[in-house]
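*Asks:* what follows is a predicted protein model with its sequence.
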Amino acid sequence: MKPYRVVRDPRSGETTLETTLGGAMLLECPMINKGSAFTDDERRELGLLGLLPPHVASIEEQLARTYENYRQKSSAQERHVFLTSLQDRNEALFFRLLSEHLPEMLPMVYAPVIGITARHYSHSYRRPRGLY
């Protein structure tokens, strides 16, 4: 069962997500975690006060910060682990970052780096995702 449901307003056509999750449980759900992009109102309503840095960051700010962190990794395996960890925390940011830098990042999440990572899987295991 999904931890959220998609709701479409019949008048405006606007689509929103509704969830019963809140606080730390919400932040553990990468499909709906927006990280520091949660607004002040959302933080209050969803019980996130004190769980996130105080600055509300736009997706563009998050992208710039995340890309800078990605570029600081010195090896392909470190970059792969970084991207996998990002996907485990915030899927929207992961896919946006990947799409913005696809030629650069595709090798980090697909062949050949995935082969290197598979050989060292037991050393870099974080969560079960795709390789068992």
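*Replies:* Sure, I can see it.

*Asks:* mind checking how far Leu51 is from Leu26?
*Replies:* 9 Å (Cβ to Cβ, to the nearest Å). The C-beta positions use only the backbone N, C-alpha and C, and glycine is treated the same way.

*Asks:* more neighbours: which of those two?
*Replies:* Taking neighbours as other Cβ atoms under 10 Å, Leu51 and Leu26 compare with Leu26 leading, 21 against 13.

*Asks:* what helix or strand is the more buried one located in?
*Replies:* Applying DSSP states H and E as the criterion places Leu26 in helix 23-27.

*Asks:* mind listing what the spatially most central residue of the chain touches?
*Replies:* Nearest residue to the geometric centre of the chain (Cα atoms, centre = their mean): Asn90, 1.7 Å. By Cβ atoms under 8 Å, 6 or more residues apart in numbering, Asn90 lies in contact with 30, 33-35.

*Asks:* check it and give its pLDDT.
*Replies:* On pLDDT, Asn90 comes in at 95.

*Asks:* and the one 4 residues further on, by the same measure?
*Replies:* Phe94 is assigned 96 on the pLDDT scale.

*Asks:* report the residue ranges of every domain in this structure.
*Replies:* According to the TED database, the chain comprises the domains 4-46, 59-123.
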